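# kindly generate the corresponding structure for this input.
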Amino acid sequence: MAKRFGGRFSPGIRQDNLNPAPPAPIRHRLAGRPKYVTMAAAPFLFGAFFQDPAGMAGSLAAFGVIASAMWMTGEGLAAEAAYQVRRVARRPAIPRKLFGSVLTGLGLGLGMAEPGGLAGAGVVGATGMVLHWLAFGADPMRDKGMAGIDDFQGGRARRMIEEAEGHLSQMRDAIRRIGDRWLDARVDRFAAAVEDLFDRVRDNPGDLSAARRYLGIYLMGARDATVKFSDLYRRTRDPAVRQSYETFLDDLEQDFSAKSRRLLEGDKTDLDIEISVLRDRLAREGVRASEPAALDAPRTETARFLDGLLTPGRDKAR
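Numbers count the residues shown, from 1 in each chain. From the prediction side, this is the model:
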């Protein structure tokens, strides 16, 4: 289906929205490798049609299992990329790359299995698992930046953010129905501001109460407005409606960015208070900063001779 192109000089495009670029999608540096492994397993697929029924079933199963393993591995790489870019993150609930490694070994074993040769197929499968681990690495197995975070508050924040991410996804889907790449990029810019607020709440789940209205009511309103705009603009292509929607996004994006800054300033204020309270407690305990250490006495012969001349009482004291 043809898509309307929205460029720099297209009618109805506001020039004040041209500078900020949409954020680059999160992508793992190894995200392209699974497809090459799937392509390397293609001989199992094509060679299956030149075998007997049992061999055909084994070869088709081998290709299907390997393709499934690479899909699982790709999902694991995407989860790892999201884990790496976040300052606070939980380990993936499902070790997808580990499952992908097991499926890879199973697929290779099925492809090499022959009557009476199961030991050799097992060796090939185990080798495939090791090579998968060397090629793609292991899944993150520990939480990151979760020290000092209450599990109950963290769980509430995580559920609220997951619900808010669903609202953002529905906004993107509604805008994609218009087929205007400029509007797609504009919604992505707004989503970047919202995801910055997500990061603030992940770092400090105690801020959830202050951000709840933004992650719930305001984001739901933005989603509903986007769906209505999409339906109306696809029918009318009215520039006034488009401009009104873009102004709405501008105002909402500024509100979300301002809320993120206020939460960050609140974190700094809390840190200053904690430092001040700790200093007061140390002062009440009588702890003071240590005095600077005295300079060492001169070490060279000339320096000691001059020092003796300047302090004539030293020799008598000795």
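
# so where is this structure shaky, pLDDT-wise?
When residues are selected by pLDDT under 70, those of the chain lie in 1-25, 88-89, 115-117, 145-153, 265-274, 277, 282, 286-318.

# now the most centrally placed residue in it: how far from residue 123?
Among the residues of the chain, the one closest to the centroid is residue 82, at 2.7 Å (C-alpha atoms, centre = their mean). Distance of residue 82 to residue 123, computed by C-beta to C-beta, to the nearest Å: 36 Å. C-beta: built from backbone N, CA, C; applies to glycine.

# same for the top helix by length along the chain, what does it pack against?
Identified as the longest helix of the chain according to DSSP state H is helix 239-284. On a contact count with 3 or more C-beta pairs under 8 Å, 6 or more residues apart in numbering; DSSP states H and E, helix 239-284 meets helix 181-203, helix 208-213, helix 219-236.

# can you redo these as JSON lines with mean neighbour count and distance to residue 43?
Output for the helices and strands packed on helix 239-284, formatted as JSON lines (neighbours: other C-beta atoms under 10 Å; distance: least, C-beta to C-beta, whole Å):
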{"stretch": "helix 181-203", "mean neighbour count": "19", "distance to residue 43": "40"}
{"stretch": "helix 208-213", "mean neighbour count": "16", "distance to residue 43": "53"}
{"stretch": "helix 219-236", "mean neighbour count": "17", "distance to residue 43": "46"}
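
# tell me how this structure divides into domains.
Under the assignment automatic domain parsing, the domains of the chain span 33-136, 149-284.

# with just CA atoms, put stretch 42-60 into CSV.
C-alpha atoms of stretch 42-60 as CSV (Å, rounded to 0.1, in the frame of the first residue of the first chain):
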residue,chain,number,x,y,z
ALA,A,42,19.4,-24.5,5.1
PRO,A,43,21.0,-27.7,3.8
PHE,A,44,18.9,-29.7,6.3
LEU,A,45,15.8,-28.1,4.7
PHE,A,46,16.7,-28.6,1.1
GLY,A,47,18.3,-32.0,1.5
ALA,A,48,15.3,-33.4,3.3
PHE,A,49,13.5,-33.9,-0.1
PHE,A,50,16.1,-36.3,-1.4
GLN,A,51,15.8,-38.8,1.5
ASP,A,52,13.5,-41.5,2.6
PRO,A,53,10.6,-40.6,4.8
ALA,A,54,12.4,-41.1,8.1
GLY,A,55,15.4,-39.1,6.9
MET,A,56,13.1,-36.3,5.6
ALA,A,57,11.3,-36.1,8.9
GLY,A,58,14.6,-35.9,10.8
SER,A,59,16.1,-33.2,8.5
LEU,A,60,12.9,-31.1,8.6
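
# check which residues of that stretch are buried.
Buried residues in stretch 42-60, counted by 16 or more other C-beta atoms under 10 Å: 44-45, 47-48, 58-60.

# farthest-separated two in those?
45 and 58 (12.0 Å; C-beta to C-beta).

# any chance of the helices and strands packed on helix 239-284 in TSV with distance to residue 284 as columns?
Putting the helices and strands packed on helix 239-284 into TSV (distance: least, C-beta to C-beta, whole Å) gives the following:
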stretch	distance to residue 284
helix 181-203	32
helix 208-213	32
helix 219-236	47
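
# about what we covered before: how much space between the closest residue in space to the residue nearest to the centre of the chain that isn't next to it in sequence and residue 192?
Nearest residue to residue 82 in three dimensions, chain neighbours excluded: residue 26, at 5.8 Å (C-beta to C-beta, 6 or more residues apart in numbering). From residue 26 across to residue 192, the span is 12 Å (C-beta to C-beta).

# repeat that for residue 126.
Counting by C-beta to C-beta - residue 126 and residue 192 are separated by 44 Å.

# how far does the longest helix of the chain sit from its chain's centre?
Distance, stretch centre to chain centre, for helix 239-284: 21 Å (C-alpha atoms, centre = their mean, to the nearest Å).

# what angle separates it from helix 181-203?
20 degrees (axes from the mean of the first three to the mean of the last three C-alpha atoms, to 10 degrees).

# quick check: angle from helix 239-284 to helix 219-236?
Here the directions of helix 239-284 and helix 219-236 differ by 160 degrees (the same axes, to 10 degrees).

# quick revisit: the strand or helix carrying the residue nearest to the centre of the chain versus helix 181-203: what angle between them?
Here residue 82 sits within helix 53-85, counting by DSSP states H and E. Counting by the same axes, to 10 degrees, helix 53-85 lies at 70 degrees to helix 181-203.

# could you point out which element follows helix 53-85?
helix 96-112.

# list the helices and strands that next one packs on?
Partner elements for helix 96-112 (3+ C-beta pairs under 8 Å, 6+ apart): helix 53-85, helix 118-136.
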